[in-house]
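Trainee: Sharing a model that was predicted from the sequence below.
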Amino acid sequence: MLHARTTSGGKVEPTPNGWQFEITEGGPAAYRLAQLDDYTLLARRRFAWRERATLHLRCRVSDSALPGTWGFGFWNDPFALSLGLQGAARRLPVLPNTCWFFHASEQNHLSFAQGQPASGFLAQAFSSPRIPPALLAPGVFASPLLLIRPLSKWLRANIAARLIREDAKRISVDVTEWHEYRLKWSPTRVEYAIDGETVFETAASPKGPLGLVIWIDNQYAAWLPDGSLGMGALPNPAAWMEISELKVAT
């Protein structure tokens, strides 16, 4: 079942054939999110989708250069830290397993490997070993060490880049026009198609189970090759994303 998640300044509304996602104009003091997902109330082991799932939808957005991020696909909500409040499942951070169409504005740097695109409109996949969250928990408490740039640089290059397999391609398409997107996830490959034409294929297939997520926000996150970190909200104009003909099947 799909659930809408919004912050102040975010809105998800049904349309005759899908949904409209909106965030209001605003400055960097507030995080604005409009999201639809099927996992918020579930533990990760109960996420709905495993290998051999296909996502199909039509999408357009209000501007091709929106601050923040937006996209749609499957992921394991890896960076969540939830204590089970307000009906949400208890959840600790894990390594990312993800395949999606993903737009990240230039302030973002969402890649751990050399030679991979870290912003723009991407077809992107992350595949990581399923290390139990309890074994990763000490790393959460040690995260302030990432503020030490030489150590952060070493961890990025020697731990994150080796544990997390990633592959991505920057896609050139006018996202303000309606396009048909298809993502086909199998145990050994992920195929990405736009308007019936394959635009990217990768063997970096994520490990399930994963949840479905569709969102737009004004957030950025960056872990740069020199070890420096950045995260926060960006000033944004009023922005929207519209989807229709959503289908997910196995």
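Mentor: Yep, that arrived.
Trainee: Centroid-wise, who is the farthest residue in the chain?
Mentor: P150 (27.2 Å; Cα atoms, centre = their mean).
Trainee: and it, that's in a helix?
Mentor: Yes. Applying DSSP: H, G, I helix; E, B strand; the rest coil, one finds P150 inside a helix.
Trainee: tell me the SS of R45?
Mentor: Look at R45: counting by three-state DSSP, its state is helix.
Trainee: In this protein, where is pLDDT below threshold?
Mentor: Flagging of the chain using pLDDT under 70 yields the residue ranges 81-90, 133-143, 145.
Trainee: In it, which strand is the longest?
Mentor: Longest strand of the chain, by residue count under DSSP state E: strand 239-249.
Trainee: what are the ranges of the helices in the chain?
Mentor: 133-141, 149-155, 161-163 (DSSP state H).
Trainee: Extract the C-alpha set from the second one and format it as CSV.
Mentor: This means helix 149-155. This file holds the C-alpha atoms of helix 149-155, laid out as CSV (Å, rounded to 0.1, in the frame of the first residue of the first chain):
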residue,chain,number,x,y,z
ARG,A,149,38.9,15.3,6.5
PRO,A,150,42.0,13.0,6.0
LEU,A,151,40.2,10.2,7.8
SER,A,152,37.0,10.8,5.9
LYS,A,153,38.9,10.7,2.6
TRP,A,154,40.5,7.4,3.6
LEU,A,155,37.2,5.8,4.7
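Trainee: helices or strands next to the longest strand of the chain in the packing?
Mentor: When contacts are defined as 3 or more Cβ pairs under 8 Å, 6 or more residues apart in numbering; DSSP states H and E, strand 239-249 packs onto strand 18-23, strand 53-61, strand 211-217. No exception for glycine: its C-beta is placed from N, CA and C like everyone else's.
Trainee: Deepest in the core, which of those is it.
Mentor: strand 211-217 (a mean of 23; mean count of other Cβ atoms under 10 Å).
Trainee: Could you pull up the residues touching the residue nearest to the residue farthest from the centre of the chain when sequence neighbours are not counted?
Mentor: Leaving out its chain neighbours, the residue that sits closest to P150 by Cβ to Cβ, 6 or more residues apart in numbering is G227, at 6.5 Å. Shown in contact with G227 (Cβ atoms under 8 Å, 6 or more residues apart in numbering): L146, R149, P150, L151, S152, K153, W154, L155, R156.
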